[in-house]
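Q: Take this sequence and fold it.
(chains A and B)
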Amino acid sequence: MPIYEVGTSRGVLGRFGPVLPIEISLPQTLMDYLTSRGEPIPPSVSGNALVDTGASITVVDSDVISRLKISPVGVARIQTAAGQVNQNLYPARFKLPHLVIDFEAVAGADLRPHGIVALIGRDILSRFVFIYLGGSGRIILCF
Amino acid sequence: MELEQELQFFESMRAKWVGNYKDKFVLIKGKELLGVFDTFGDAYRVGVGKFGNTPFLIKRVSEEEQVERFPALTLGVIHANL
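A: I've put the predicted structure just below:
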């Protein structure tokens, strides 16, 4: 079942890549915990996410993680240009068009200056069919 | 980086735990193993219940650490600071 389908043009899709709207918030477990204690829940953050089939896991902008005040619950070994480093992982809730996913662990990186709040990696894509129609400038995400 | 102490503890116990808990999720705070779970979600619920929104480590027990890669970021196709 298609959950997102957008058509632009070959040029626009080639320039900006497969981008879809996303809303990032606290995972439900953490929202329930804060609600039960009467503590404030940081508002969700909306923006664009770029589908990146080269990324093994999903990345969220570091500023978004800070604004949501999510504590780390994991560590991953990340390959960088300078070698391998350990980096914290954070749980998060992704609201995609017509679908909500509580996600175990995303990495953080400075993405905001480039107009996106997340890179959708293969960990999320493993749940979908993703169709990139470069010739007609369309992308389709199916669940 | 946060969770350095927890990671060191995990690495010190990895070989032993692979024999007992392979592919399970361990919940660690400081140098203490607080539980072994079938799913990340189960471990996270217990961790949040005990510690709230503070750092704690959940790791899947495996023989080797998987290396995560983001070529677009590391090669500068998308310029970002990792």
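Q: Contact partners for the most centrally placed residue in chain B?
A: Nearest to the mean C-alpha position of chain B, by C-alpha atoms, centre = their mean, lies B:Lys59 at 2.9 Å. Shown in contact with B:Lys59 (C-beta atoms under 8 Å, 6 or more residues apart in numbering or on different chains): A:Gly74, A:Val75, B:Phe10, B:Phe25, B:Val26, B:Ile28. All C-beta atoms are positioned from the backbone trio N, CA, C, and that covers glycine.
Q: What segments of the chain are strands?
A: All of this refers to chain A. Secondary structure of chain A (DSSP state E): strands located at A:2-7, A:19-25, A:45-51, A:59-61, A:74-80, A:83-96, A:99-109, A:118-120, A:129-133, A:138-142.
Q: my bad, chain B
A: Along chain B, counting by DSSP E, strands occupy B:25-29, B:32-37, B:57-60, B:67-69.
Q: and the second one, is it in reach of chain A?
A: No - when contact is scored as C-beta under 8 Å from any C-beta of the partner chain, no part of strand B:32-37 falls within range of chain A; the minimum is 12.1 Å.
Q: most centrally placed residue in chain A?
A: The centroid of chain A falls nearest to A:Ala118 when counting by C-alpha atoms, centre = their mean (4.0 Å).
Q: Do I have it right that it meets A:Gly47?
A: Yes - contact criterion C-beta atoms under 8 Å: A:Ala118 and A:Gly47 qualify, at 7.4 Å.
Q: Just name the most buried of the strands of chain B.
A: Among the strands of chain B, the stretch with the highest mean neighbour count (mean count of other C-beta atoms under 10 Å in any protein chain shown) is strand B:57-60, at a mean of 24.
Q: List the beta-bridge partners for the residue nearest to the centre of chain A.
A: Applying DSSP bridges to A:Ala118 gives these bridge partners: A:Ala49, A:Val60.
Q: which residues sit in contact with it?
A: A:22, A:24, A:47, A:49-50, A:58-61, A:64, A:94, A:106, A:111.
Q: Read off the pLDDT value for it.
A: At A:Ala118, the pLDDT value in this model is 94.
Q: how about a markdown table for the strands of chain B, with mean pLDDT added?
A: Converted to a markdown table, the strands of chain B look like this (pLDDT from 0 to 100):
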| stretch | mean pLDDT |
| --- | --- |
| strand B:25-29 | 98 |
| strand B:32-37 | 98 |
| strand B:57-60 | 97 |
| strand B:67-69 | 91 |
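Q: Same list (these) but as a markdown table, adding distance to B:Glu2.
A: What follows is the strands of chain B, written out as a markdown table (distance: least, C-beta to C-beta, whole Å):
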| stretch | distance to B:Glu2 |
| --- | --- |
| strand B:25-29 | 12 |
| strand B:32-37 | 16 |
| strand B:57-60 | 9 |
| strand B:67-69 | 17 |
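Q: which residues touch residue 25?
A: I went with chain A, as the question did not name one. Counting by C-beta under 8 Å, 6+ apart, A:Ser25 makes contact with A:Met31, A:Pro42, A:Pro43, A:Ser44, A:Val45, A:Leu68, A:Ala92, A:Arg93, A:Lys95.
Q: nope, chain B
A: B:Val36, B:Phe37, B:Asp38, B:Thr39, B:Phe40, B:Asp42, B:Ala43, B:Ile58, B:Lys59, B:Arg60, B:Val61.
Q: top helix in chain B by residue count?
A: Longest helix in chain B, counting residues (DSSP state H): helix B:4-21.
Q: for that one, the distance to its chain's centre please.
A: 10 Å (C-alpha atoms, centre = their mean, to the nearest Å).
Q: repeat for stretch A:10-29
A: Distance of stretch A:10-29 from the chain centroid (C-alpha atoms, centre = their mean) equals 7 Å.
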